[in-house]
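Enquirer: build the 3D model from these lines:
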Amino acid sequence: MATNLMRTAYNTIVYEIRDFGLGIYDREGRTVAEAPGLTIFLRANDFALRSVIEFVGRDNMRPGDVFLLNYPYWSSAHTLDMFVCSPIFQRERLVGFTAVRIHWLDLKARYAGYCLDTTDMYQEGMVFPCTRVYRAGELNEDIVNLLRYNSRFPDRVIGDMHAQVSACRIGEQRTAEIVDQYGFDVYEAAINQIMEHGERLARAKLAELPVGTWSAEDYMDGDGVEDRLVKMKATVTVTPDEMVVDWTGSDPAVKGPINLPYGQTVGVASLVFKAVTTPNTPANDGNFRPLRVIAPPGSLMHAVPPSPTFTLWTGLLAGEVVLKALAQGMPDHVPACSGGDVSSMMGLGVNPRTGRPWLEATNEGVGFGGHAGGDGENGIMMLAEPGCRNNPVEVLETKAPLFIEHYGLRPDSGGPGLHRGGLGVSRSYRFLADSTAAMIVYKTRTRPWSIGGGVSGENNHVILNPNTEHEEHRGGLYRPMGADEVLVNNTGGGGGWGNPFDRDPELVLADVREGYVSADAARRDYGVAIDIEHWTVDVEETSELRRAPRPSEPDVVADAPGPRPLVLVHE
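Expert: The predicted structure follows:
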């Protein structure tokens, strides 16, 4: 299904970035198998599929039906993350479902690309509440025409929809072949065995974890409408029988579009639960049976109509709030915070090479947090999307009037520690034609937290037109970019794990040689004096530096030092 989707999709966000979630489900809408993609879609898809089953009813489904769903509170995503599903029949017997969710480019939302300041769902595009686009195998051209005349990129949207349908058809066909070969009773028994095995593995690991209750808070820069920090709070309780993630204490629903549908809140907690219990096995419904998620309706973490939900960035950042809570009771089991955001750059306009509208986007890698087993990785996809990639430079420059001036790791961005945080990245985009840029980043006013005496990583920030009189440092934005203007996207480094003065000086020397850490930072943050001329550690001076007290630093800095970031605005 995934291969089919990536080979037929029109949208680089799908076939390059892998911004999709897809799988096979049983008659109840429970995950049997899924493909790597955008991880937080996994359990959100379960929630969406059960919404379709409840709304339509199994008895009203026929072979060949295909449904569209993007009503946020049912689909567990924003309106552009279209959920497409189909029932699987074997000789008129319903045996399960296939489902594919991908990011569509446009569906008559208030703005092209991304909406960062909507105040209700009615500004966020067309809504399809479990709508049949195929009825008994026949395409409903009326639905296709609605898409065609209500999208700024109709060919790519309709092409992507057909790619989703094609992937669903492959899932239907292959599953029906298995049922034909073994019979429905064997098929159903096998699925139950798979899920029961997944549950046993999760419960066995859960019983090994420390027992307790821990709370943590973290913040988003703002909601795009009001200039204030927005609080996410998670209280995690671990017993031998279950893990409970309770979001009570998070802010109430906010005016801007960062409220999270409940199904994706479940998906966030499921991602972390999977990571700490059964990270090395394929996911299925059984893995998550010992997990319970609480989020009061009407809060930031449980959006209700008509709360705006368009950016969904809360779901990308919230997983590390759960990890921050767990770190208090099991610091050897979880990493420090990553750079903490996806820092997505989206550009759009009219391409002078073709005269046609263009829209391309890419996510950036961040530094991962240090952990008990070693240093954090440099410049990889953030926790919420480990199955995804970023858009290659060559693709962006071919499909869009963009020139990538530089792209590399950010020295000194990883948080110092016994185990160093990974480095963030810096990428510079020069716009070659009048365009619009959307920078979707919500964690610039707080820094990535550390564990056990480590130091926080550098935060995310954006620089417009560096080294000119118009240079500006800020957070997220949606603004026109004139031809020859430059946007530099700097992502955060991971937090450190453990006291940096305990790090082996030879490892610090290696970091300096690699360019990960500057000689000044080695001296200041690690108490290690480097003789650059001979590439050696000055042992005597290092001993003296490490005898001096090291200043302590809080894990979260509400007003992080460095470039002053700005909240999201629409210009």
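
Enquirer: quick check, central residue of this protein?
Expert: The structure's the chain has its C-alpha centroid closest to A384; by Cα atoms, centre = their mean the separation is 3.5 Å.

Enquirer: the stretch 251-400 of the chain: strands as residue ranges?
Expert: Ranges of strands in the stretch 251-400 of the chain, per DSSP state E, counting those that start in this stretch, are 291-294, 344-351, 356-362.

Enquirer: counting neighbours, what do you get for the nearest residue to the residue nearest to the centre of the chain once chain neighbours are set aside?
Expert: Leaving aside its chain neighbours, A384 sits nearest to L316 (4.2 Å; criterion: Cβ to Cβ, 6 or more residues apart in numbering). (Each C-beta comes from the backbone N, C-alpha and C, glycine too.) By other Cβ atoms under 10 Å, 27 other residues sit near L316.

Enquirer: correct me if wrong: L316 contacts S343.
Expert: No: in this structure L316 lies outside contact range of S343 using Cβ atoms under 8 Å: 10.1 Å.

Enquirer: so where is the stretch 251-400 of the chain shaky, pLDDT-wise?
Expert: Counting by pLDDT under 70, the stretch 251-400 of the chain contains no low-confidence range.

Enquirer: what are the ranges of the helices in the protein?
Expert: Along the chain, counting by DSSP state H, helices occupy 2-8, 12-15, 41-56, 72-75, 141-148, 154-182, 184-206, 262-277, 313-317, 319-329, 393-399, 505-514, 519-526, 539-547.

Enquirer: so which elements touch the longest one?
Expert: Right, the one you point to is helix 154-182. helix 2-8, strand 20-25, strand 66-69, strand 81-90, strand 93-103, strand 131-135, helix 141-148, helix 184-206 (3 or more Cβ pairs under 8 Å, 6 or more residues apart in numbering; DSSP states H and E).

Enquirer: check contacts around the closest residue to A519 other than its chain neighbours.
Expert: Sequence neighbours aside, I530 is the residue nearest to A519 in space, at 4.8 Å (criterion: Cβ to Cβ, 6+ apart). Neighbour list for I530: 508-509, 512, 519, 522-523, 536-538 [criterion: Cβ atoms under 8 Å, 6 or more residues apart in numbering].

Enquirer: try 6 Å this time
Expert: The contact partners of I530, by Cβ atoms under 6 Å, 6 or more residues apart in numbering, come to 512, 519, 522.

Enquirer: what is the nearest of those residues to W497?
Expert: Comparing the contacts of I530 against W497 with Cβ to Cβ places A522 closest, at 17.7 Å.

Enquirer: rewinding a little: want to try TSV for the helices of the chain, with distance to M220 as columns?
Expert: Below are these laid out as TSV (distance: least, Cβ to Cβ, whole Å):
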stretch	distance to M220
helix 2-8	31
helix 12-15	23
helix 41-56	19
helix 72-75	18
helix 141-148	32
helix 154-182	29
helix 184-206	30
helix 262-277	14
helix 313-317	6
helix 319-329	10
helix 393-399	27
helix 505-514	31
helix 519-526	27
helix 539-547	37
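
Enquirer: among those, which is nearest S307?
Expert: helix 72-75 (8.4 Å).

Enquirer: isn't G113 up against L348?
Expert: Yes: the criterion here is Cβ atoms under 6 Å, and G113 meets it with L348 at 5.0 Å.

Enquirer: with pLDDT, neighbour count and distance to V293 as extra columns, can I get the contacts of I530 in JSON lines?
Expert: As requested, these are exported to JSON lines (pLDDT from 0 to 100; neighbours: other Cβ atoms under 10 Å; distance: Cβ to Cβ, whole Å):
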{"residue": "V512", "pLDDT": "98", "neighbour count": "23", "distance to V293": "44"}
{"residue": "A519", "pLDDT": "97", "neighbour count": "15", "distance to V293": "47"}
{"residue": "A522", "pLDDT": "97", "neighbour count": "25", "distance to V293": "43"}
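
Enquirer: okay if I get those as JSON lines plus distance to P331?
Expert: Below are the contacts of I530 laid out as JSON lines (distance: Cβ to Cβ, whole Å):
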{"residue": "V512", "distance to P331": "27"}
{"residue": "A519", "distance to P331": "30"}
{"residue": "A522", "distance to P331": "25"}
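
Enquirer: now the closest residue to R503 other than its chain neighbours. Its backbone dihedrals?
Expert: Distances taken as Cβ to Cβ, 6+ apart put L418 closest to R503, at 5.3 Å, once the chain neighbours are dropped. As for L418, its main-chain torsions (degrees, to the nearest 10) stand at phi -50, psi -40.

Enquirer: right, and the helices and strands packed on helix 154-182 - which one's nearest E472?
Expert: Per Cβ to Cβ, nearest to E472 of those: strand 93-103, 28.6 Å.

Enquirer: which of the residues in the closest one are buried?
Expert: Judged by neighbour count (16 or more other Cβ atoms under 10 Å), strand 93-103 contains these buried residues: 95-103.

Enquirer: burial measure for R148, as a count.
Expert: For R148, the count of nearby residues is 13 (other Cβ under 10 Å).

Enquirer: distance of the nearest residue to it once chain neighbours are set aside relative to P357?
Expert: Using Cβ to Cβ, 6+ apart and skipping residues adjacent in sequence, the residue nearest R148 is P154, 4.4 Å away. Using Cβ to Cβ, to the nearest Å, P154 is found at 10 Å from P357.

Enquirer: okay then, goodbye and thanks.
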